[in-house]
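Chemist: Just the structure for this:
(chains A and B)
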Amino acid sequence: MSDQSRNRILERMREGLQATPHPGSDFSVLAEKQWPPEARVKMLRQRLESVNGQVHLCSREGWVAELQNLLSGKAVSNLLYAPGTEHGSELERSWPGDDAGLPSLLSTMEEDVDFRERVFDVDASLTGTIGGIAETGTLILWPTPREPRLMSLAPPVHVALLDAVNIHNTFWEAINQRQWADGMPTNALLISGPSKTADIEQHLSYGVHGPKELIVLIRE
Amino acid sequence: MTKADFRAGAARAVGDVQLRSNFRRAMDGLMEKRAAQFADGEELERLRTLGESIRSRSLARLPELLVQLENNCRENGIQVHWAETAEDGNRIVLDILKRRNAKTLVKGKSMVSEEMELNHFLEAQGIETLESDLGEYIIQLAQEMPSHIVMPVIHRNTAQIAELMERKIAGVSYTENPDELCRIARKVLREKFYKADAGISGVNFAVAETGTLCLVENEGNGRMSTTAPKTHIAVMGIEKVVEHLQDVPPLLSLLTRSATGQPITTYFNMISSPRRPGEQDGPQEVHLVLLDNGRSRILADPELRPTLRCIRCGACMNHCPVYTRVGGHAYQAVIPGPIGEILTPQLRGLDVRGDMPFGSTLCNACVEVCPVRIPIVDILLRLRAEANSPEQGGSVKGAGAKREGKEAMAWKGWQAMHASGAVYNGLSRLLAKTGNMMPGSVGPLKAWTATRTKPRFAARTLHQMTRKRGIPDE
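Modeler: As a prediction, this is how the structure comes out:
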């Protein structure tokens, strides 16, 4: 059925279009959007904060201490992380034992533990990002086998690490500079704040399905 | 069911004070937020030009792009299905579910699945479908249609939603706290996401060059529906394809800024394949259902083709003086407002919804805000003409369905009167004398005066007055 339908649909379209000319596109309105690196960090931060994201600047080495600081005051009993990644290893190295009053670390790669079950059960997660977008206050994530898709969605608190050097001006620039068209991952994600809805009389509520809190650590 | 009729629906809606105030408040807010996003008028116009060129190019090359999309999706492991009609589409979805022995479904928001009446169809087959977008979830509880394509439950206020949730969800007590209502929905839906056998979503853009399906959302339910269950079925109208990945950012920007006044939505989800070896989540199977359902017919007519440029932002509704007063339900169609007035009659036929192109004042506000510059008013006029066409079965399905002998006669008479100076002069003098005696509420003028004030005729015609002033009649 599908094959015949396919051919009939395509035939109808080809007949209807004949030789319709197709216009070119001028992307200069996007290409012109360029800001210096410091301005990009500022923009991204300001945009993310305006949608209830929490942004903290820290040094290349200081992010684990910053994270400990942030989580010690929260009702977060565990933190899901990806061992084997660069940031996962750094986290393991400087995370104190359970009696320090910090959330305990849970691995995404533990044998005999179903990842799906675990990710729906944890309080918080930590993931990396491959970059950011200044114009819209956006994180770019390409989930991996170690850092799966649900990690940035199911837990109530999502902590994301972003390197300031990877902040692009626009989404268009990120796609072109990094040549995304040459090979897309299973899932590419843009995340611009915690989950939200305004479906009930335009009242803004956070965490309707995904994280209620998005914490972004920008490493400068 | 009685035949859908906008005039009757609008009359009912105008009398509903609560509904009008719900809409007024919401639409004012959306208009303000959009305006704030496009403070730079020059940027807006350049973006619109770009968006229009991308969508026009996609449509001009649609058959090639769909084949390219199909090939790339298949290469990525996404299974592609073609459906000529809504019934075909429903049947395809059902077959996939049956093969997977899937009994429970979670759905992300999808206007195409509303067009297919997919939920209704699947429920008749014993498959439970649950809408997971908060607004869609609420209207599913209320067994209503969406009243807006972006904000489906905008017709209800918080108290009305609170009452509904208390009545429909076991163990829930009445609360008007919207955060609490969200929390209740989150709890119900979390469980369903975790357990559902399959997820269904729409598609905002499909990228031919990479075989990528893009979804725009704020809540995360779309990501849940396309990530947590073992099977993901995406349904899309064939017009949604774009050529290149770089065509996506400008359309995304136009979409979210026009729709809700956001620079971008919380999530932009780009799916290019099912779960690959080693990956720990994501569906094992991804299916893409391409639905025609009348679109290839619209594509064939160069004047009507721009209808298919639409990226479903809803700005035309938010700015429409008719829609903002009567709300979405008055249209009794899946897609209401200006874009619905041109799309629905073309998809379903002028014999079924020939009333819709007449539900407009032609004020042009929709055209001014449309991010891809669809000439909605020109298309409305074309559809009105088609509806009254003397030739049955023109290029629009059901053409000629609204033609009435008496009206056609009246216009023939009007034409004859204006084509001859002598007849025009004679008749206008006659009307100057007798026009005000003609009753407006009965006879041939009744249909006209039902919604208009009967004009008062002047005692002398313009010709008579100018002659009296000594202006020569040339």
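
Chemist: what's the residue nearest to A:Asp26 when sequence neighbours are not counted in contact with, if anything?
Modeler: In space, and not counting its chain neighbours, A:Asp26 is closest to B:Leu50: 6.3 Å by Cβ to Cβ, 6 or more residues apart in numbering or on different chains. No exception for glycine: its C-beta is placed from N, CA and C like everyone else's. For B:Leu50, the contacting residues are A:25-27, A:29-30, B:250, taking Cβ atoms under 8 Å, 6 or more residues apart in numbering or on different chains as the criterion.

Chemist: what's stretch B:159-176 in contact with?
Modeler: Outside of stretch B:159-176, the residues within contact range by Cβ under 8 Å, 6+ apart are A:200-201, B:138, B:141-142, B:153, B:156, B:158, B:181, B:184-185, B:188.

Chemist: let's go with 6 Å and repeat that
Modeler: Contacts with stretch B:159-176, where a contact means Cβ atoms under 6 Å, 6 or more residues apart in numbering or on different chains, come from A:200, B:138, B:141-142, B:158, B:184.

Chemist: any idea how far B:Pro283 is from chain A?
Modeler: Note on B:Pro283: its distance to chain A, by Cβ to the nearest Cβ, to the nearest Å, is 10 Å.

Chemist: ugh, wrong one, I meant B:Gly89
Modeler: B:Gly89 sits 10 Å away from chain A, going by Cβ to the nearest Cβ.

Chemist: Sketch out the strands for the chain, chain order is fine.
Modeler: Using chain A. When assigned using DSSP state E, the strands of chain A occupy the ranges A:54-58, A:78-81, A:104-107, A:124-128, A:131-133, A:138-141, A:157-163, A:167-168, A:187-191, A:196-197, A:205-206, A:213-219.

Chemist: you looked at the wrong chain, it should be chain B
Modeler: If DSSP E is used as the criterion, the strands of chain B fall at B:78-83, B:104-107, B:128-131, B:198-201, B:205-207, B:212-217, B:231-237, B:241-242, B:267-271, B:285-291.

Chemist: pLDDT averaged over the shortest one, what's the number?
Modeler: Strand B:241-242 shows a mean pLDDT of 98 in the predicted model.

Chemist: what about the strands of chain A, which gets the closest to B:Arg429?
Modeler: Put simply, out of the strands of chain A the one that sits nearest B:Arg429 is strand A:196-197, at 65.7 Å, with distance taken as Cβ to Cβ.

Chemist: can you list contacts of the closest one?
Modeler: Strand A:196-197 has contacts (Cβ under 6 Å, 6+ apart) with A:205-206, A:208, B:134, B:218-219, B:266.

Chemist: 10 Å instead?
Modeler: With Cβ atoms under 10 Å, 6 or more residues apart in numbering or on different chains as the test, strand A:196-197 has contacts from A:51-52, A:203-210, A:212, B:133-135, B:151, B:178, B:182, B:185-186, B:217-221, B:262, B:265-267.

Chemist: filter those residues to the buried ones?
Modeler: Applying a neighbour-count criterion of 16 or more other Cβ atoms under 10 Å in any protein chain shown, the buried members of the contacts of strand A:196-197 are A:51-52, A:205-210, A:212, B:133-135, B:151, B:178, B:182, B:185-186, B:217-221, B:262, B:265-267.

Chemist: circling back to that earlier point, now flag whichever of the contacts of stretch B:159-176 is closest to A:Ala19.
Modeler: Nearest to A:Ala19 out of these is B:Ile138 (Cβ to Cβ; 48.2 Å).

Chemist: Could you dump the strands of chain A into CSV and include mean pLDDT?
Modeler: Formatted as CSV, the entries for these read as follows, by pLDDT from 0 to 100:
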stretch, mean pLDDT
strand A:54-58, 97
strand A:78-81, 97
strand A:104-107, 95
strand A:124-128, 98
strand A:131-133, 98
strand A:138-141, 98
strand A:157-163, 98
strand A:167-168, 98
strand A:187-191, 98
strand A:196-197, 96
strand A:205-206, 96
strand A:213-219, 98
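
Chemist: For the closest residue to A:Asn166 other than its chain neighbours, list the residues it contacts.
Modeler: Using Cβ to Cβ, 6+ apart and skipping the chain neighbours, the partner closest in space to A:Asn166 is A:Gly131 (3.8 Å). Applying Cβ under 10 Å, 6+ apart to A:Gly131 gives the contacts A:138-142, A:162-163, A:165-168, A:174, A:177-178.

Chemist: Looking at chain A, what residue ends up closest to chain B?
Modeler: Using Cβ to the nearest Cβ, the single residue of chain A nearest to chain B is A:Gly16, 2.6 Å away.

Chemist: Could you check how far the residue nearest the centre of chain B is from B:Ser201?
Modeler: Chain B has B:Ile335 as the residue nearest its centroid, 3.0 Å off, counting by Cα atoms, centre = their mean. According to Cβ to Cβ, to the nearest Å, B:Ile335 and B:Ser201 sit 18 Å apart.

Chemist: With adjacent residues omitted, what lies nearest to B:Ser225?
Modeler: Spatially, and ignoring its direct neighbours in sequence, B:Ser225 is nearest to B:Gly199 (3.6 Å; Cβ to Cβ, 6+ apart).

Chemist: surely B:Cys401 meets B:Arg384?
Modeler: Quick fix: residue B:401 is Ala, not Cys. No: assessed by Cβ atoms under 10 Å, B:Ala401 is found out of contact with B:Arg384, at 11.8 Å.
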